[in-house]
Structure formats: structure tokens, C-alpha cells
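Student: Structural data only, the sequence is not supplied:
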């Protein structure tokens, strides 16, 4: 560092001399850090809510563009950006105290939340996730962060304990798997993804005219469709590599795919120290639980489970949809999207050791073997973090010296209360704490109806537990509060990290706000066109918008995003349907089965929406599935995709159908 830079640093922050480190300045630093964490928590919550609104808006505008709904049917509340609710309907002091005691016990016993999470239905996941991660444990303070990680640890223990087979862990769209994914997307997690992947993703954007597909069957179909004269596809697919033109293309693409994969692995390895502690600790817990539950499984299986979280839930979503993570601002072209997905799939196949099912050139197989060794060393390094049990014990004792409050909305209180009322009898809570918690739930009156948006303002809920007989004086705190130079340096380092994370989230929020504003402008123009008697088309220019406007162009509906409708009988003929419910779906061969429709669309990048309905009737099933989860399904020995209890589909053939239709 040069002299000017040193001088500038001295001017921006006073030097730390022994005489300068007094309790007053140290307390001020701690207060500022706490305020920054609170701001980060608020922004992360706002980001979660905005993304949820945009998911719904994307679905509704896709329907609008395909003439399935009118502009008047789009919920105007989805376009609201005001998160400051200033009014709330008061609750009685008695009820507030009862909720305060209930949430105090829930807050301090994350194992109760882990048990409850296994009982949450798909439709309840978003509300449960928001309440737990952004209200109950959303402050980013060390104690809340440690309690949240403990909740994940209890949930993973239950997940592995109840797993019948090694390949079934964390595979469903459960509350815990969704919460773990959301945990990785908080401020510090986003910052790591942006710093680590941006350069490699921009390299893929430069390859917008070159596909990286190396599957010989797909490359054969691609060449055949482009008019290249090829001999018939051989019964033994390995013979394809004797076709000179096809082999040359696969070799060229394979070299590029290997180079990009190598760059990504190198970037991840170099930046291991910047991976958020919680993400690394969860990798460690997954590895430990896998060994305990399946001791006879090889170490490769343990690494596969770690990769299932670190790659599938953390790295790959950002690779497949970089614009959704604020890594890039422009929307990837169709070719770039395919290449991003190909790289993510290749990484996951390497981690799962499933590349053998794909026909690879010898040099690519050698690369895969080398990468597996690198990945395993990478996972070992990621998992090399200490536990925090002793820190958490001291933090919990320290909490006895202070009055704790929780900022939460009445509807969140009522939601958790309703869940507990429904499931408390099946939670099987043990010991004195469990009995006390059950009595608290049973003593509460019936949950209130949800408040309206205008009166659902946050309340400050005092957390208190009448069963705690010990209340320490502030002077009895067991935490070291003496201002030392190393401690002050750690606080300032943490402050810098939080400031950077806050800036990253704020940048992404600006992008989300711009997108909603563009939607508002678009819908206003649609309304104006409707008044004039014009017909709604799928192009922005038809509603009076300038197609050269870059701010709006990226929101134009992409070709192939759907929704598409297919008769179930057509999927039967393609061999995609493996099983159907005899209770709700007419049997094969009956005329009624011809009226069952399967609708699918990609209402937002990286997610496929499936709907099952009878022709001319309301839907009987609806689910949104992550595209990377579907890719993960395809790598299983028996790739089955379940649509609730209605249908079981061949995941591999369904992926081929999606690939042909949407891309």
C-alpha cells in the first residue's frame, strides 16, 4: 500500500492505539454494527417479498400475453413498493404477553421449529419461511445466526434419521430445503456469488453463438435438423463418435466446456475464505449426518450430499439464472441460457459421479476424474470450520441480562399460532420444555383472522418466559466486553463485510424496483390500448412502447416460455406417464382420459410450472419446480418426477420434451 493510500486510510478512520480503545468508543462501534445488521435484515426481507411479488407478476403477465386473462385481473397490490406500514390494529396486553412467552420459547428452542417445518404444506412454505428467517431469526446478530443454524442442524438430523434410502435426503420441495436455499441467498451469500462467478458468467455471455452441448444424441439431432447429411443413428451410440463431423464438433465444444468448468472450480477454490460461515458449517453438518446415518456408504456418497447442497442449492441456481442474483443485468439469450445450464449440469454430474451415463470423449473423462478429486478436496476445505456451541451458550446466558424484543407482524403471529394449533399434537415434544410449550399453545385463544394489509403493521413483541426463574443483572454478563485492539479490529472487519453485503442487496433491490416499474408502465399502456379499442398483441410495440427502449426490452416475453397445453394421452404415447391416480385420473384407454390436460410454462427463469386440469374446468393440481431440481432428478437411477399424488412422470423424457418445446 502506498503512502497516499495509508494517509487516506488514517484520515477516514482514527488509528487504534491502546489509549484510544475505551469502552465508550467500543460501544459506539458495536451500536453502529448492530444498526447495519438491522438494515441488512430489513433489506433482505424486502428483497424476499419483492421476488415473491415478481414471481406472481411474471405468471400473470405470461397469461396476459397469451390472452388467458385480462389486464383488469392482475392484482394491483403486486405493483406496490411501499413496505413501510405505519398503522396496526392493537391487540390486548394479555394476548401480547401470551404471544411473547410463546415466541420466546420457540426462539430459544430451534429444535421445535425444525419439527414443525416437517409438517408445513407446500402452500404454507413461503409464509413459514418469511416468518422464521426474516422475523424470528432475521437480525444477523451472532445469537440469532447461531440459533438459525442450530435449527437447520436439528432439521437435517431429522431428515437423515427418517431417510430410508441414501438418495432420498432433501430431495422434496420441503420447507427445510427451501429455507436452506433462501439462507444462501441472504446478503453475504449473494456477495460471494457475485464476486466468484461474474467473470466466468461474462465469458459465457461472449459465447452467445456457440452451443456447449456435448451429448452425442442431441448434437446428432442438431446437425440433422440443420441439413447436414449424416448416416442413420447407430444402435450403439458409441459408434456415433466414428462420424468425423460429429466428433469434431463434440471435441471442440468439450474443450470449451472443460475450460469454463476449470475456471469456475478455480474461482470457487480461491474464494473459499469468503464463503459465508453458515454455508460452510451446513456443508459440515450434512457430511457428518450422512456418515452417521449411512456408515457403510463410501466417502464419495458423502461428497455427493455436500455437493447436493453447495452446488445444487447455492452455486448452480446462480449459474443458471445469473440475472436473478444480480450477477449480471442483461437477460441471457437462448443459447447462453442453454450453456449456463450445461455447465451447471456438468458440475453436478461430476459431484454425483453420474457422467458415466453420458457418452464422453476420453479426454473429457480424464478431466472429470481430475475434477472429482479437486471437488472432494474443495468440499473438505469448505467443511473445515469450527463449531460454535460454546459461543452460543455464552450468548444465551448473556441474553438473560437484557430485555429482548421481536419485530413481527400480527399476521405472522397468527400464522405460526395456526400452524401450532394444527400440529402440536403430532410434534411429540419431550421433557419439561416440551410440556411447557404445549401448555402455552393450548392456553392461547383461537387464532384471529388475518389483518388487512393497511393494518398489518409490525409490532414490538417483548420476549419473556415465565418459566425462567433466573434473571441476571447486566453486570453479570459472561461475555467479554472489555475493548481490546483485536476485538475492535474484528468488529470493524465485520462492519465492513456487512456494509458490502448491504450494498449488494441494495443494488439487487434497485434492479427489482426497476422491473416492477417497467411492469407498471407496460400495464398502463395495455389499459390505454384497451380503452382505444386496440387488440392486445404479444409485442411491446403493439401497446405503444418503444421496442428500442432497453429498460423495457428485457421484459418482453421470451419465445418458448409457455404456457403450453398437452393432452395426457399424448404423454402416454410418448412413454412419459409412468403412473396415474385411479381415484382422480381416468384410466388409460378411456374416453375421459382424453380430457385431462397437462400445462407447463417457465413463468420465471429457472422455474417450470406444471398444472393438471380437466378440459374446461378448474385446475386440480399446480406446482412450481426448480429447473435444476429436474436436472438433478434426471441423474437418478430411476428418474421419476411426481406431480403430487396424481401422476408420476419419466423425468428424463419430460426434460427432453421441455428442451424441445421451450428452448
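Tutor: Here it is on my side, so go on. In this text the structure is predicted, and so the values were computed from the model without any measurement.
Student: switch to C-alpha atoms for all contacts and neighbour counts from now on
Tutor: Fine.
Student: how much space is there between residue 162 and residue 313?
Tutor: As judged by CA to CA, to the nearest Å, residue 162 and residue 313 stand 21 Å apart.
Student: wait, residue 46
Tutor: 21 Å.
Student: Repeat that for residue 275.
Tutor: Taking CA to CA, one finds residue 275 at 14 Å from residue 313.
Student: Residue 204 now?
Tutor: For residue 204 relative to residue 313 (CA to CA), the value is 21 Å.
Student: Please apply the same query to residue 364.
Tutor: Distance check for residue 364 against residue 313: by CA to CA, it reads 25 Å.
Student: And residue 209, by the same measure?
Tutor: In this view, residue 209 and residue 313 are 29 Å apart by CA to CA.
Student: more crowded one of those two?
Tutor: Counted by other CA atoms under 10 Å, residue 209 and residue 313 do not tie: residue 313 has more neighbours, with 21 against 10.
Student: so what's the backbone phi/psi at residue 238?
Tutor: Here is the backbone geometry of residue 238 (degrees, to the nearest 10): phi -60, psi -20.
Student: any idea of the pLDDT on it?
Tutor: Residue 238 carries a pLDDT value of 75.
Student: now residue 161
Tutor: 91.
Student: Next up, the contacts around it.
Tutor: By CA atoms under 8 Å, 6 or more residues apart in numbering, the contact list for residue 161 reads residue 293.
Student: With residue 271 instead?
Tutor: Contact analysis of residue 271 by CA under 8 Å, 6+ apart lists residue 196.
Student: at 10 Å instead, please
Tutor: 192, 193, 195, 196 (CA atoms under 10 Å, 6 or more residues apart in numbering).
Student: With residue 300 as the reference, measure out to it.
Tutor: According to CA to CA, residue 271 stands 23 Å off from residue 300.
Student: Same question for residue 331.
Tutor: Applying CA to CA, the value for residue 331 to residue 300 is 36 Å.
Student: can you check residue 438 too?
Tutor: Taken as CA to CA, the span from residue 438 to residue 300 is 42 Å.
Student: Compare neighbour counts for these two and give me the winner.
Tutor: Per other CA under 10 Å, whichever of residue 438 and residue 300 has more neighbours is residue 438, with 20 against 14.
Student: Give me the contact list for the helix or strand harbouring the more buried one.
Tutor: Taking DSSP states H and E as the definition, residue 438 sits inside helix 431-443. Residues outside helix 431-443 that contact it (CA under 10 Å, 6+ apart): 98-99, 101-103, 105-106, 109, 112, 417-418, 420-421, 424-425, 427-430, 467.
Student: PyMOL command to pick out the buried ones of those residues?
Tutor: Of the contacts of helix 431-443, the buried ones can be selected in PyMOL as follows, counting by 16 or more other CA atoms under 10 Å:
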select buried, resi 98+99+101+102+103+105+109+112+417+418+420+421+424+427+429
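Student: average pLDDT for the helix holding residue 438?
Tutor: Regarding helix 431-443, the rounded mean pLDDT is 90.
Student: from here on, count from 27
Tutor: Noted, 27 is the first residue going forward, which turns the last one into helix 457-469.
Student: buried set for the helix or strand that it is followed by?
Tutor: Once the chain leaves helix 457-469, the next helix or strand it forms, by DSSP H and E, is strand 485-489. Buried residues in strand 485-489, counted by 16+ other CA under 10 Å: 485, 487, 488, 489.
Student: Thanks a lot, catch you later.
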